[in-house]
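Undergrad: Need the 3D shape of this:
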Amino acid sequence: MARQTLIQAFGHAADGIRCAARERNFKIELGFGVAAIILGIGLRISPAEWAVIAVCIGCVLGGECLNTALEALVDLASPEYNELAKIAKDCAAGTVFILSIASLFVAAFIFLPKMLALAAAFI
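TA: Numbering: from 1, shown residues only. Model prediction:
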């Protein structure tokens, strides 16, 4: 098999992201990521806070890509119901859930104090 160019490798990665982006949960998670970015701009978060938010968004969306890949692989290997296939799919989905909850806590730590201070300025 011939080696692929870096451009071709990036193209395959983009194909994978597009595939995952068709999933409902990816769209929801992307929406929360965009909301975090908008909120970060509005609240003028620090560069360190931006880095943490970016890592959280990347982890959740990357986790969803892996979840989508694992589900496709499991469906290929076990088209009929199989308890082990269910466990694999449930664990992958659970991983994204854990990453999402952790990201929610991070967002609360970063955004809530700034939102409360802003609200207090108007009271």
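Undergrad: For the longest helix along the chain, which residues meet the burial criterion?
TA: Longest among the helix segments of the chain by residue count, using DSSP state H, is helix 83-122. Of the residues in helix 83-122, 85, 88-89, 92-93, 95-96, 99-100, 103, 106-107, 110-111, 114 count as buried by neighbour count, 16 or more other Cβ atoms under 10 Å. (Each C-beta comes from the backbone N, C-alpha and C, glycine too.)
Undergrad: Relative to Gly33, how far out is Lys114?
TA: For Lys114, the distance to Gly33 equals 18 Å [Cβ to Cβ, to the nearest Å].
Undergrad: I meant Ile87, not that one.
TA: For Ile87 relative to Gly33 (Cβ to Cβ), the value is 29 Å.
Undergrad: List phi and psi for Glu23.
TA: The phi/psi pair for Glu23 (degrees, to the nearest 10) reads phi -80, psi 140.
Undergrad: Any stretches of this protein with poor pLDDT?
TA: Applying pLDDT under 70 to the chain picks out residues 1.
Undergrad: give me the number of residues near Asn67?
TA: For Asn67, the number of neighbouring residues by other Cβ atoms under 10 Å comes to 23.
Undergrad: residues in contact with the closest residue to it other than its chain neighbours?
TA: With sequence-adjacent residues excluded and distances taken as Cβ to Cβ, 6 or more residues apart in numbering, Asn67 is closest to Ala92, at 4.4 Å. Ala92 makes contact with 66-67, 70-71 under the criterion Cβ atoms under 8 Å, 6 or more residues apart in numbering.
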